[in-house]
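# below are the sequence and a predicted model for it; my questions follow.
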Amino acid sequence: MLNFDDLGLSTEILMAIKVKGYSTPTPIQVQAIPHLLQGHDLLGIAQTGTGKTAAFALPLIDRLMKNRVKARPARVRALILTPTRELASQILASITTYAKNSKLSSAVMFGGVSERPQIMAMSRGVDILVATPGRLIDLMEQGHVRFEQLEVFILDEADRMLDMGFLPQIQKIFQALPKERQTMLFSATMPPEIMRLASAQMKLPIRVEMAPTGSTVDEVTQELFVVKKEQKLPLLKKLLEVHTGPTLVFTRTKYGAARVMRRIRDLGVRAAEIHSNRSLSQRREALEGFKSGKYRVLVATDIASRGIDVVGIEVVLNFDMPSTSDDYVHRIGRTARAGAKGHAITFAMPQEGGEIRAIERLTRKVLPISKLPDFPGAESSQELLAPGPERLSSPRPGSSRGFGRRPASPSGRRAGYSGFRRRFRFR
Ligand code: AMP
């Protein structure tokens with residue numbers, strides 16, 4: 001097995017890695033670091049949890065350290081673009097750790113907070129800037145960020161950025177960058193838009209794929225409960241008694257997150273919420289509290305979940321189905337990080353068979369349906385076993401990624417997935 005000493009990194013970085021406590025490089029680090037040190041472009045297909053941050057950050061730091069130039073005022077030598085503030089802060093924290101034996105400067109830039117400290121940091125020039133697209137473009141347009149000295153550009157979580165509608169901003173940023181540069185693009189999945197972006201903007205990139213697109217982290221065990229809406233909260237209560245470790249609960253909406261969080265607190269379980277209705281400091285407090293063990297349960301929406309890099313999450317619980325099957329993969333990737341084991345539980349309502357099928361197609365795995373445990377109201381699920389006319393319609397031809405619009409059945413309810421129904425009936 002290769003170890004860090006074999007990858008060609010400088011001693012200062014190896015020392016920082018040792019202090020951080022990493023003993024062996026993860027597969028993406030083994031595959032990507034030597035190529036990146038040689039200056040190649042890289043297309044990395046990897047989810048968070050694989051060690052991808054260190055895979056791009058270590059060779060980046062190495063390069064900037066060796067190429068001793070000083071960033072002039074308002075200039076950046078490396079730009080890391082990432083979709084959310086949480087992720088940006090997380091990446092900056094990793095960079096600070098790995099670069100602690102170097103003299104490199106770094107800064108973070110995102111919206112929702114005052115521009116002033118970010119402008120101040122830029123006024124001196126910065127070696128590594130971690131930014132989200134909106135604020136970066138604002139400050140670029142005001143002349144506070146300039147790219148004449150840019151050597152490396154890293155686009156992280158590219159698929160997520162596209163889902164969030166950032167494609168125009170990304171294109172604008174690409175236009176502002178010098179042509180001569182090293183480019184790295186990381187994405188958990190490779191939809192055609194990203195392939196197009198990569199071929200337009202990268203020079204013969206090395207492709208490193210950690211797992212086939214859409215495959216779920218192998219260490220995550222998965223299970224599915226078929227429930228009616230009103231059974232979700234009692235089942236959640238029951239499951240929080242069975243699984244007593246750190247749990248991340250996903251809801252579809254921020255209002256749902258707030259409601260579920262309150263109900264969990266009513267049970268006497270320490271819980272916090274993280275979604276776009278919370279201020280940055282509230283989100284930080286929730287995340288830090290979850291990391292430190294102050295909160296056992298964190299309730300999140302998909303967008304807020306991106307930066308949740310917490311080792312030791314025992315269970316990811318999909319209280320509501322995600323809105324795309326990609327989100328499912330991202331959600332369950334929050335558990336089983338850095339080689340640990342994890343468990344993912346999903347609540348699906350009977351009419352959500354189509355969504356389950358799309359997830360199964362993307363992950364190429366069947367989600368096993370579990371029998372409901374005993375809880376008040378569980379018995380009424382027997383009704384779900386009866387084939388209602390609205391569930392007899394044939395499955396829609398769905399895309400494997402987004403769920404799209406679902407055709408309504410003549411009864412006005414959504415059509416189901418026959419395999420889903422069949423498996424459920426004969427479980
Ligand atoms: P990432 O995929 O970059 O979000 O990293 C996931 C987690 O793995 C982070 O908590 C890292 O600190 C951790 N990690 C990264 N590389 C290693 C390694 N070689 N050994 C152990 N943990 C690592």
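Perfect, I can see it now.

# contacts and neighbour counts: CA atoms only from here.
Noted.

# residues touching Ile308, list them.
Residues in contact with Ile308 (Cα atoms under 8 Å, 6 or more residues apart in numbering) are 86-87, 287, 334.

# name the member of these with the most neighbours.
Arg334 (29 neighbours; other Cα atoms under 10 Å).

# in what helix or strand does that residue lie?
For Arg334, there is no host helix or strand (DSSP states H and E).

# tell me the spacing between it and the ligand.
To the ligand, Arg334 is 9 Å away according to Cα to the nearest ligand atom, to the nearest Å.

# if I pick that residue, what's in contact with it?
48-49, 308-310, 313, 316.

# counting only helices, which of those make the cut?
Within the contacts of Arg334, no residue falls in helices by DSSP state H.

# pLDDT at Pro34, what is it?
pLDDT, the model's per-residue confidence, is 95 for Pro34.

# remind me which helix or strand it belongs to.
Here Pro34, judged by DSSP H and E, is contained in helix 27-37.

# what's that helix packed up against?
Where contact means 3 or more Cα pairs under 8 Å, 6 or more residues apart in numbering; DSSP states H and E, helix 27-37 is packed against strand 42-45, helix 52-66, strand 206-209.

# using a markdown table, please lay out the ones you listed together with mean pLDDT.
What follows is the helices and strands packed on helix 27-37, written out as a markdown table (pLDDT from 0 to 100):
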| stretch | mean pLDDT |
| --- | --- |
| strand 42-45 | 93 |
| helix 52-66 | 96 |
| strand 206-209 | 88 |
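
# quick check: which of these is buried the most?
By mean neighbour count, with neighbours taken as mean count of other Cα atoms under 10 Å, strand 42-45 ranks first of those at a mean of 24.

# that one pairs with which strands, parallel or anti?
According to DSSP bridges, strand 42-45 has the following sheet partners: strand 182-187 (parallel), strand 206-209 (parallel).

# what number of residues lie near the nearest residue in space to Ala46 that is not next to it in sequence?
Excluding the flanking residues, the one nearest Ala46 by Cα to Cα, 6 or more residues apart in numbering is Ala188, at 4.8 Å. A total of 25 residues lie near Ala188 under the criterion other Cα under 10 Å.

# what does Lys238 give?
Residues within reach of Lys238, counting by other Cα under 10 Å, total 16.

# what's the distance between it and Ile369?
Between Lys238 and Ile369 the distance, using Cα to Cα, to the nearest Å, works out to 17 Å.

# surely Pro83 is in contact with Thr132?
Yes. With contact defined as Cα atoms under 8 Å, Pro83 reaches Thr132; the gap is 5.5 Å.

# who's more crowded, the two?
Neighbours per residue (other Cα under 10 Å) separate Pro83 from Thr132, with Pro83 holding more: 26 against 23.

# tell me the SS of that one?
The three-state assignment at Pro83 reads coil, by DSSP: H, G, I helix; E, B strand; the rest coil.

# what sits against it?
132-133, 156-157, 160-161, 164.

# just for the stretch 51-200 of the chain, where's the confidence low?
Scanning the stretch 51-200 of the chain with the threshold set as pLDDT under 70 gives no residue ranges.
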